[in-house]
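all I have is the shape, not the residue letters:
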């Protein structure tokens with residue numbers, strides 16, 4: 001007879017293996033299907049933008065699916081092998097054996113490890129044999145051992161969580177809920193918390209604020225990140241890899257060991273009669289119901305955050321109803337009765353605490369978050385840009401720009417920032433301080449279009465800022481490049497004029513000189529435009545994850561402020577080609593639409609040369625200075641010479657064809673709907 005003091009019972013171990021061997025076989029088949037069979041059927045296709053180092057094709061994009069499978073298997077294994085804590089019949093049977101709880105726990109846990117590890121090791125053995133054949137280009141012994149290690153790491157971490165979930169509940173359904181809550185709650189808190197704080201806390205950024213924390217406390221995202229790191233370092237020419245994620249592996253291993261020990265003591269303290277109860281311990285009743293209510297509360301707050309300002313009463317009522325439903329349904333499940341409304345005091349307490357927390361956040365400015373501006377001396381670099389700008393993470397070390405950023409930051413706090421629900425809201429201003437101690441301070445504000453222009457005008461006074469943030473430098477300041485060509489386009493007549501190769505650098509320098517001398521409002525002025533587009537095509541040598549070389553373009557729309565560029569265009573004769581001829585004709589083009597409902601334009605450019613018709617249209621335009629252009633029938637009229645009464649260089653006006661004289665009828669066709 002086996003001693004009751006033994007830590008291992010061969011009978012329990014063998015019985016567990018035999019009973020659940022079918023699961024191990026299914027897991028083996030899944031791993032074989034996703035990791036080996038594709039190589040046997042056909043050779044992997046090597047995408048040009050995703051070049052993998054020889055021997056490391058196991059770590060292509062499909063590896064994430066492998067992690068998902070290896071994360072689900074431990075949960076299923078936990079439910080199966082620890083079924084005796086959720087079933088009274090099995091609890092009575094296994095605890096009647098001549099073995100104490102120490103022996104049962106350790107023997108069962110070891111059996112589960114064998115059931116999970118065996119399929120990985122057998123598939124790993126097959127992969128090693130394949131690496132010695134023609135598949136050596138795709139599979140190496142080093143990559144196979146790395147693949148085995150990642151899967152075993154997944155099992156060890158995820159099974160510790162599954163074991164803990166099984167021990168704190170007496171119900172398989174409850175264990176499933178807790179297992180997934182542990183993985184989902186951090187993500188829910190991140191996404192909904194971001195949304196909530198962005199609506200109620202001035203300056204809070206709703207983009208990836210909690211992402212590092214999620215990676216740290218969420219086992220699944222952590223494992224995906226580990227695999228992502230390995231997938232990155234095995235790519236050819238990939239230079240931008242941080243190994244910070246690997247530093248978390250010892251922490252997760254230690255936390256998993258702690259969970260195994262805690263689960264062991266929970267199992268020792270469990271009462272057999274608690275099997276099939278949702279909560280294995282009385283204290284878990286409170287944790288379950290308030291955790292579920294809290295989760296529903298933050299999701300509801302996030303969903304309603306966009307309606308708080310427009311429909312406050314409806315939002316409050318909805319919040320109370322959803323949280324009340326979550327609370328009382330949790331009570332019904334835990335107490336197995338519908339008579340739970342007598343516990344309303346617990347719900348009232350939850351609401352009171354929630355309201356108190358919201359009031360404290362509002363009064364204190366989220367504990368000083370809203371009013372905090374770091375000292376300029378403590379700032380190493382700053383990133384500041386409009387939300388819709390280019391490369392809004394570029395770092396500026398110029399102390400003048402840093403000082404200006406803090407002044408703009410104070411102006412936002414003092415009242416220039418808008419609420420995201422404000423009608424004048426146009427864009428977002430992002431400020432990121434990179435501190436001397438390595439930390440970051442992020443702020444995000446909603447601003448009007450006028451405020452955005454005023455802020456960028458101040459920032460464009462500094463060349464370092466322009467070279468890091470303007471579209472003209474959006475590619476050239478990041479990767480090595482060559483200028484392929486520059487094409488000059490007349491957007492009125494849709495004509496392209498390629499610049500001679502020996503003149504490209506001259507034009508490029510002329511544009512750059514203007515870019516560095518103009519303010520933002522001058523550079524992107526739309527009030528006076530030549531309707532000239534300069535398309536600069538670059539060949540970029542990109543050493544990031546997905547591509548090594550590619551072509552891209554940057555567009556520049558020229559207006560009269562681009563004096564050096566215009567001077568070059570005049571000198572080379574391009575401006576004459578681009579100008580509307582001084583011939584007294586009207587040139588009419590569709591205004592910014594690819595298709596007009598119910599109307600067909602019979603020509604891309606309408607040219608009216610009949611002097612009587614020209615005079616009729618001009619007289620109409622001069623007599624109707626205010627025109628309705630809100631319809632979809634808007635066309636732009638160009639005329640040379642331009643009447644002195646207009647401020648545009650060549651653009652006479654925008655008009656609605658429905659209001660124009662009958663002379664247009666021969667140029668458009670009304671479609672029958």
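Structure received. From a predicted model like this one, the values you see are computed outputs, not experimental measurements. Numbering: from 1, shown residues only.

now residue 440: phi and psi?
With angles defined as degrees, to the nearest 10, residue 440 sits at phi -120, psi 140.

which ones are touching it?
Neighbouring residues of residue 440 by C-beta atoms under 8 Å, 6 or more residues apart in numbering: 432-434. In short, each C-beta sits where N, CA and C put it, glycine included.

take these and keep only those in strands.
When the contacts of residue 440 are checked against strands (DSSP state E), the matches are 432-434.

right, and the helix or strand after the helix ranked longest in the chain?
If you go by DSSP state H, the chain has its longest helix at helix 101-131. Following helix 101-131 in sequence order, the next helix or strand is helix 141-168 (DSSP states H and E).

mind giving me the packing neighbours of that following helix?
helix 63-81, helix 101-131, helix 172-200, helix 219-233, helix 249-269 (3 or more C-beta pairs under 8 Å, 6 or more residues apart in numbering; DSSP states H and E).

what do you get if the cut-off is 6 Å, keeping everything else the same?
Other elements packing on helix 141-168 under the criterion 3 or more C-beta pairs under 6 Å, 6 or more residues apart in numbering; DSSP states H and E are helix 63-81, helix 101-131, helix 172-200, helix 249-269.

tabulate these (JSON lines), appending mean pLDDT and mean neighbour count.
Below are the helices and strands packed on helix 141-168 laid out as JSON lines (pLDDT from 0 to 100; neighbours: other C-beta atoms under 10 Å):
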{"stretch": "helix 63-81", "mean pLDDT": "83", "mean neighbour count": "19"}
{"stretch": "helix 101-131", "mean pLDDT": "92", "mean neighbour count": "19"}
{"stretch": "helix 172-200", "mean pLDDT": "75", "mean neighbour count": "18"}
{"stretch": "helix 249-269", "mean pLDDT": "90", "mean neighbour count": "15"}
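
what ranges does the stretch 251-400 of the chain have for its helices?
282-304, 312-335, 344-363, 365-368, 399-411 (DSSP state H, counting those that start in this stretch).

what's the mean pLDDT across stretch 512-531?
Averaged across stretch 512-531, pLDDT comes to 80.

can you tell me which of the contacts of residue 440 has the most neighbours?
Using other C-beta atoms under 10 Å as the neighbour criterion, residue 433 leads those with 23 neighbours.

look up the closest residue to it, ignoring the ones flanking it.
Nearest residue to residue 433, sequence neighbours excluded (C-beta to C-beta, 6 or more residues apart in numbering): residue 441, at 4.2 Å.

from residue 204, how far out is that neighbour?
Here the criterion is C-beta to C-beta, to the nearest Å. By it, residue 441 lies 12 Å from residue 204.

what residues sit buried inside stretch 139-148?
Under the neighbour-count criterion of 16 or more other C-beta atoms under 10 Å, stretch 139-148 has 139-140, 143-144, 146-148 buried.

closest one of those to residue 42?
residue 139 (14.6 Å; C-beta to C-beta).

contacts only, for the residue nearest to the closest one when sequence neighbours are not counted.
In space, and not counting its chain neighbours, residue 139 is closest to residue 131: 4.4 Å by C-beta to C-beta, 6+ apart. Counting by C-beta atoms under 6 Å, 6 or more residues apart in numbering, residue 131 makes contact with 139-141.

could you provide the residues you listed in JSON lines, with additional columns for distance to residue 488 and pLDDT?
What follows is the contacts of residue 131, written out as JSON lines (distance: C-beta to C-beta, whole Å; pLDDT from 0 to 100):
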{"residue": "139", "distance to residue 488": "53", "pLDDT": "85"}
{"residue": "140", "distance to residue 488": "52", "pLDDT": "86"}
{"residue": "141", "distance to residue 488": "58", "pLDDT": "89"}
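
and those as TSV, adding distance to residue 111?
Output for the contacts of residue 131, formatted as TSV (distance: C-beta to C-beta, whole Å):
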residue	distance to residue 111
139	31
140	32
141	29
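
where does pLDDT dip in the stretch 351-500 of the chain?
For the stretch 351-500 of the chain, the stretches with pLDDT under 70 are 387-392, 419-426, 474-481, 491-494.

the strands in it, which residues?
379-386, 427-435, 440-447, 481-490, 495-498 (DSSP state E, counting those that start in this stretch).

any idea of the mean pLDDT for stretch 570-579?
So the average pLDDT for stretch 570-579 ends up being 74.

returning to what we had before: wait, which of the strands of the stretch 351-500 of the chain is closest to residue 266?
strand 440-447 (39.6 Å).

buried residues in that closest one?
Neighbour-count burial for strand 440-447, counted by 16+ other C-beta under 10 Å, picks out 441, 443-447.

out of the residues you listed, the closest to residue 176 would be?
residue 444 (37.9 Å).

how close does that closest one get to residue 353?
From residue 444 to residue 353 the distance is 28 Å (C-beta to C-beta).

what of residue 80?
From residue 80 across to residue 353, the span is 39 Å (C-beta to C-beta).

what of residue 265?
Relative to residue 353, and taking C-beta to C-beta, residue 265 is found at 31 Å.

next: residue 346.
With C-beta to C-beta as the criterion, residue 346 and residue 353 are 11 Å apart.
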